[in-house]
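sequence plus the predicted model coming up.
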Amino acid sequence: MTGLDPVVGFFALGLAAGFLRSDLKLSGGLMDTLSLYLLVAIGLKGGMELALVAEPGALLLPIAIAVLMSAGTPLLAYPALRFLGGLRRPDAASIAAHYGSVSVVTFAVGTTYLSGRGIGYENYLSVLLVFLEFPALIIGVLLAKGIGQGTDWRRLAHEVFTGKAIVLLVGSLAIGWLWGKDGASALTLFYGDLFKGFLTLFMLGMGVITAARFADLRSAGAFLIGFGIVVPVISAVGGVLIGWWLGLSIGGATLLATLYASASYIAAPAAMRIAIPDANPALSMGASLGVTFPFNLLLGIPLYHAMVEYLYRAAG
Amino acid sequence: MTGLDPVVGFFALGLAAGFLRSDLKLSGGLMDTLSLYLLVAIGLKGGMELALVAEPGALLLPIAIAVLMSAGTPLLAYPALRFLGGLRRPDAASIAAHYGSVSVVTFAVGTTYLSGRGIGYENYLSVLLVFLEFPALIIGVLLAKGIGQGTDWRRLAHEVFTGKAIVLLVGSLAIGWLWGKDGASALTLFYGDLFKGFLTLFMLGMGVITAARFADLRSAGAFLIGFGIVVPVISAVGGVLIGWWLGLSIGGATLLATLYASASYIAAPAAMRIAIPDANPALSMGASLGVTFPFNLLLGIPLYHAMVEYLYRAAG
Amino acid sequence: MTGLDPVVGFFALGLAAGFLRSDLKLSGGLMDTLSLYLLVAIGLKGGMELALVAEPGALLLPIAIAVLMSAGTPLLAYPALRFLGGLRRPDAASIAAHYGSVSVVTFAVGTTYLSGRGIGYENYLSVLLVFLEFPALIIGVLLAKGIGQGTDWRRLAHEVFTGKAIVLLVGSLAIGWLWGKDGASALTLFYGDLFKGFLTLFMLGMGVITAARFADLRSAGAFLIGFGIVVPVISAVGGVLIGWWLGLSIGGATLLATLYASASYIAAPAAMRIAIPDANPALSMGASLGVTFPFNLLLGIPLYHAMVEYLYRAAG
Amino acid sequence: MERIKLVVVVCEDALEPVIQPELLAAGARGYTVCQASGRGNRGERDARWSLSANIRIEVLCNAEVAGRIVGTVYDKFSANYGLVVYAVDVEVMRAGRF
Amino acid sequence: MERIKLVVVVCEDALEPVIQPELLAAGARGYTVCQASGRGNRGERDARWSLSANIRIEVLCNAEVAGRIVGTVYDKFSANYGLVVYAVDVEVMRAGRF
Amino acid sequence: MERIKLVVVVCEDALEPVIQPELLAAGARGYTVCQASGRGNRGERDARWSLSANIRIEVLCNAEVAGRIVGTVYDKFSANYGLVVYAVDVEVMRAGRF
Ligand SMILES: Nc1ncnc2c1ncn2[C@@H]1O[C@H](COP(=O)(O)O)[C@@H](O)[C@H]1O
Ligand SMILES: Nc1ncnc2c1ncn2[C@@H]1O[C@H](COP(=O)(O)O)[C@@H](O)[C@H]1O
Ligand SMILES: Nc1ncnc2c1ncn2[C@@H]1O[C@H](COP(=O)(O)O)[C@@H](O)[C@H]1O
Ligand code: NA
Ligand code: NA
Ligand code: NA
């Protein structure tokens, strides 16, 4: 079992429990606590390592480019959904927003995958994570309603920028940065060494929830299942190329590809439910949680890693 | 205080809080989270150590024997309850099922007791734990209803085999086995070194709950109180002899005796409540949680250990 | 950021999330779990270190004196509230009780502050913490109702002595003491090394809750805001002097001052709500949580430390 | 607004997987469940522990289904389980969907 | 089915240990409790924190007990605590047990 | 005791921040919220996950406000969200405060 990480095993166990209709369930409160922990841990880690960077200002440009290019995913996904898939405008826009945004847990599994293989990556990728979360949400609403057509932009901006994922990531990044590795060293045991343990519990819960979302897949249909595999791979190719162009390490490019390929299932669904009320959440959740999340865990991350290795070897 | 482990102190603290009618309570959500953690940790540990066993196939026979002989407990308990205790058939059957099954936390305290004394034990006993959970539940239903008398066996089988305790133990055992100690080494801090800490919190909660169950003891009466002490000790004698016959180490035989002596209060009550609806749950819970659980913690485990030492010395 | 501890950063993050009206919230269940953990960890630590003290009996006198003198805070606060602030009798009494009692988390942040600077302190201060919790609650009720005026003293005594904070602190202190550092050594990872990590999560939640209490400040008014800063500083001066007189170390005197300066927001509000029903809880909570708690974290603790250093240098 | 029935069942949490199919079989088109604790003839149920927790289920339905639910639930479970059932008249829009 | 009363009390969580004996003293044979949050004259109670949490208690009882509960609860607690009480007519089987 | 209305809204948890201002705007002076799970036309909502959780909101109010709440909630949200609304007659003391 050298190909996969044990955290994937816990996801599979949760899936199995769900499919067997076991009474195993992680309470909503536990899942909330675990996701709080994961967000803080990721933010802190990014911040602490940012504190070691000599010139943080030099990161602005690569971050800006990576964020800008990430708009490619929803702008590619929307016409595909609308014209190939024949989906209604609100549904296409909402799904495009989910795929344009990112999944924190897929990122966490990606870092676990890399560190299990002793592969390093640029620390500022956790910073990037923060900035990749929200632009797609705004693009999604624009796609659904056009500009100025009665959207409550103030409410939307509030929803997006004060959503708990953003607040926790930005805040703990700032704490990690301000106090640096020394000041916050008493926290590395809790937020660093225990990270993988807490992640296993979260993945177990995600497995149970994903199994419950499989019913949604039926309403999603064959097109969305294909979409949930093809679009991430295409986005990942974009991530690989941009990572290479920005001069990222192999690990960094793999993580950037993973981020591009991942679809949000925390920030996006909550924001879209309010901003595009007439989109059917079963479609977006069925695709992002039922197809793309397990695909990325099981096949995607190793595939993106292989793509990066191939490109970097080919390009010398 | 060398005789007892501090985890027993936390149980006593919970008991005291309950008897003092303190407002201390561990929420249902916290107790669920802690028992989830304990089950995964026990399963993982068993699995990781199984991965080190050269020939896992050789364990099949001793496991099969130990499981088969464990049927002795309910078959002994049932007539005692029915004819000595004068209990109604459904009550006698349900209580017999509780005593035939096992308590994961009593097992955990047993391992803690042994490791506190530096005594080793066979690692596959956690595997055994899994297989000792359910046979007694089926025996209990058979005792209550006979064969074919309108029991919904499919539902019962589903209840028993997909119950969360079984799913988590089997699943994490498989994960521990597949990934082995190396692959899952990043988890030993979380699931190994922290085990005792999480166990103290769980024991605190068990103390509070046990105190609340003391009221049930009144409805149970003197017979059941005696039963809750005598039957575990007799079962433990059986466990000691079988452990010796199977060639287990001193630690292993002590744990096997502890398992035989322990009574379920998670899997069995849930399954019996549905499968034998006319059994009074106050009787089974009063005995298993109000008498046998504290007895095993405080006196039972050291007693079983002494019995094993005596036998092994006597038998050379 | 050498002046403050990162745990204060988490408090600030929670405050910010609250003021931004983020949807970040820590569930009641999580906050309860965290405060349970903190209480047990503090009690255990005190007990384990008490076990190392050669003559515990010698601590009785300093503890008795420190507890006796702590009555100064409510007896000073009550007339100030009643005659300077013009508050109703029940409100003045209830607020005086809050300020006479202590805040476990402020104490925890104080110990974190000291250990971050490598400053030691007398271990029996956690024992003191227990005895400082409740006398003020009884004084508060006496102030509100006089003696014998139809107070249900039995209920009050029960509320106060079986409140979960007292039970957990006393119980885990006893466990730590009975088993000592060796017996309970398997717990130091969980309750010791992880302490600060759990504290950061609790502080995050406290920040969110404190932000919500700012609305209460408006009903409290300018007098109470000033009161919430001045009275703690005066009480801290008392704590510094008594610490010095008792011959405490610099760290010990700083912690004693911090305890005197801190205001309860767990034990006191719950007890006062029942014992003095006609007191308005918005006033006491607004002051203790909205003013004094953040003041102590950000400015108070460093100030009390400076006061101690000044006195000890001046007094040679 | 049209008048229909609201049936409320309070029972042991352990009954949840058994009682829900029963409700649907009796003709309910939906239900809403809240976690609860309580006290009754069988003593206190403090919800600190899954075996001492209750649930409170509400079903909006027409009078016929309501009668059937009350009957079935009562006959099947009240002998062996802690259980309380009551019905109220309520007003809704589009009563046809229930 | 017979008609009896359902009395619902929504109040601060802190009142729980005080109000339950009161209900039993007024003649209630049981009650069902759910955790709640809410908003009223005293502002928002968001349940993030035990002091800002509410509980919702339901009591099935006869009209006499219902009147007594509403009266007692109202008289004893409404001056000092956030509290709402209402009563509804409901139908049950075997009304005698309540 | 005077008669007023109790309006109950069961809806997706995601609607919470949107629906509460709506209730106040319609004239409600307060409300009580419980967490819930459930099942309806849109399938099971098991509350294991914030997006599959429901809330149950109760509002005590006069008949006029009740009518306005049922109307607004129905018109604004029932097309796009899982939602159920009903109203009951209840008795309270001091009906004026609601
Ligand atoms: N009079 C009552 N009013 C409201 N709820 C009740 C009443 N009696 C019983 N219950 C609820 O029904 C559950 C089972 O009742 P019992 O079987 O009487 O113990 C209790 O735990 C309560 O939640
Ligand atoms: N009009 C109302 N409808 C439903 N519940 C209410 C209403 N007013 C108050 N409540 C509940 O009663 C609690 C206390 O109310 P109050 O004392 O008005 O703050 C609130 O937190 C709500 O849970
Ligand atoms: N007949 C019903 N009785 C009680 N609650 C219902 C009913 N139908 C729906 N609900 C609740 O309303 C929510 C949304 O309903 P729906 O839009 O039909 O899926 C469900 O999840 C249930 O909690
Ligand atoms: Na993406
Ligand atoms: Na057994
Ligand atoms: Na104080």
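Received it, and whenever you're ready, just let me know what you need. Ligands and ions are numbered 1, 2, ... in the order given.

just the pLDDT at the residue in the stretch 151-300 of chain A that chain D sits nearest to, thanks.
Residue of the stretch 151-300 of chain A nearest chain D, by Cβ to the nearest Cβ: A:A212 (15.0 Å). Heads up, the C-betas are built off the backbone N, CA and C, glycines and all. According to the prediction, A:A212 has pLDDT 86.

residues of chain D that sit close to ligand 3?
Counting by Cβ under 6 Å from any ligand atom, the residues of chain D close to ligand 3 are D:28-32, D:58-61, D:98.

could these be laid out in TSV, adding distance to chain E and secondary structure?
Formatted as TSV, the residues of chain D next to ligand 3 follow (distance: Cβ to the nearest Cβ, whole Å; DSSP: H, G, I helix; E, B strand; the rest coil):
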residue	distance to chain E	secondary structure
D:A28	17	coil
D:R29	21	coil
D:G30	19	coil
D:Y31	15	strand
D:T32	12	strand
D:E58	11	strand
D:V59	14	strand
D:L60	15	strand
D:C61	14	strand
D:F98	18	coil
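
quick one: which of those residues is nearest A:G290?
A:G290 lies nearest to D:G30 out of these, by Cβ to Cβ, at 23.6 Å.

ok, that closest one - contacts?
Listed by Cβ atoms under 8 Å, 6 or more residues apart in numbering or on different chains, the contact set of D:G30 reads D:59-60, D:98, F:38-41, F:84.

report whether stretch A:168-175 contacts chain F.
No. Stretch A:168-175 lies out of reach of chain F by Cβ under 8 Å from any Cβ of the partner chain, never closer than 14.9 Å.

wouldn't A:A268 be in contact with A:I138 here?
No. Contact criterion Cβ atoms under 8 Å: A:A268 and A:I138 do not qualify, at 11.3 Å.

higher neighbour count, the two?
More neighbours surround A:A268 than the other of A:A268 and A:I138, with 32 against 20 (other Cβ atoms under 10 Å in any protein chain shown).

and that one, what's its pLDDT?
As summarised for this prediction, A:A268 has a pLDDT of 90.

please apply the same query to A:P62.
The score at A:P62 is 91. That number is its pLDDT.

I'd say A:A96 and A:A71 touch.
No. Contact status for A:A96 versus A:A71: not in contact, 10.4 Å apart, counting by Cβ under 8 Å.

on that earlier part again, check which helix or strand the closest residue in space to the residue of the stretch 151-300 of chain A closest to chain D that isn't next to it in sequence maps to.
In space, and not counting its chain neighbours, A:A212 is closest to A:G18: 5.9 Å by Cβ to Cβ, 6 or more residues apart in numbering or on different chains. Assigning secondary structure by DSSP states H and E places A:G18 in helix A:6-19.

hey, which helix or strand in the chain has the poorest pLDDT?
Answering for chain A, as no chain was given. Lowest mean confidence among the helices and strands of chain A (mean pLDDT, DSSP states H and E): helix A:153-161, at a mean of 83.

sorry, should have said chain D
Ranked by mean pLDDT, DSSP H and E, the helix or strand of chain D with the weakest confidence is strand D:43-45, at a mean of 90.

what bits of the stretch 1-150 of chain A have low per-residue confidence?
With pLDDT under 70 as the threshold, the stretch 1-150 of chain A has low-confidence stretches at A:1-3, A:148-149.

show me where it has its helices.
For the stretch 1-150 of chain A, the helices defined by DSSP state H, counting those that start in this stretch cover A:6-19, A:28-50, A:60-69, A:72-79, A:89-100, A:104-116, A:125-133, A:135-145.

return the most buried member of those helices.
Stretch with highest mean neighbour count among those: helix A:89-100 (a mean of 28; mean count of other Cβ atoms under 10 Å in any protein chain shown).

what residues are up against residue 8?
Since no chain was named, I'll use chain A. By Cβ under 8 Å, 6+ apart, the neighbours of A:V8 are A:109, A:203, A:297-298.

let me rephrase: I mean chain D.
Applying Cβ under 8 Å, 6+ apart to D:V8 gives the contacts D:56-59, D:85-88.

repeat that with 10 Å
D:V8 makes contacts with D:32, D:56-59, D:84-88, E:6, E:32, E:58, E:60, E:90, E:92, as judged by Cβ atoms under 10 Å, 6 or more residues apart in numbering or on different chains.

please enumerate residues in contact with the least confident helix or strand of chain D?
So strand D:43-45 is contacted by B:212, B:215-216, B:219, B:282, D:10, D:12-13, D:36-39, D:51-54, D:82, E:20, E:30, E:32-33 (Cβ under 10 Å, 6+ apart).
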